[in-house]
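Undergrad: coordinates for the following, if possible.
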Amino acid sequence: MPTYIALLRAVNVGGTGKLAMAELKAICKAAGFADVQTYIASGNVVFESMLTATQVKAALEQWLHAYAGKPVGVIVRSHAEMTAVLNASPFAKSAPSRTAAIFLDKPPPADALEHVAGRKNEDIRLGSREIYVHYPEGIGMSKLRIPAATSGTARNMNTVAKLVEIAAKR
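TA: As a prediction, the model looks like this:
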């Protein structure tokens, strides 16, 4: 059975979007997903399903909307796709806690870097359906705004590596 990794947008950030990982796990099981495992309280979940990635996304978004009463964005990657994201990082030699992949549903526009604002010394590269960013001073110190990334969700490379590891154990 295919293994998927779902990344929720805006979960447990500030005072909004609160969703206990036990609830997320229960929602995934109710949606028919198998061998469900969450990772840290920021909306990461690994599971198996016979559905396509598109069907997984639609089902999970529907269940989360019913639970939260508002839309919750979800990005879905297969284990192979997430492994490719990790392996394709142009910043593999940089500290993984200071490097992030911003996951998108579709490829970033070719002109995405032309519209970036608040850039100081961050290095940005476009991926296939990701935008990679290296934050030399740390993510929390950055004022970077990437309009092409507003519908995406970011994970640092430590998290990406751990999700790949969890998915590989299936």
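
Undergrad: now do the contacts for residue 36.
TA: Counting by C-beta atoms under 8 Å, 6 or more residues apart in numbering, residue 36 touches 25, 28-29, 45-47. (Glycine included, C-beta is placed from N, CA and C.)

Undergrad: let's see which of those end up in strands.
TA: 45-47 (DSSP state E).

Undergrad: and the gap between the residue in the chain sticking out farthest from the centre and residue 49?
TA: The outermost residue of the chain, judged against the average C-alpha position, is residue 120 (24.0 Å), by C-alpha atoms, centre = their mean. Applying C-beta to C-beta, to the nearest Å, the value for residue 120 to residue 49 is 41 Å.

Undergrad: burial of the residue nearest to residue 126 when sequence neighbours are not counted, as a residue count?
TA: The shortest distance from residue 126 to any non-neighbouring residue, by C-beta to C-beta, 6 or more residues apart in numbering, is to residue 108 (5.0 Å). Residues lying near residue 108 (other C-beta atoms under 10 Å) number 21.

Undergrad: repeat that for the one 4 residues further on.
TA: Under the neighbour criterion other C-beta under 10 Å, residue 112 is assigned a count of 17.
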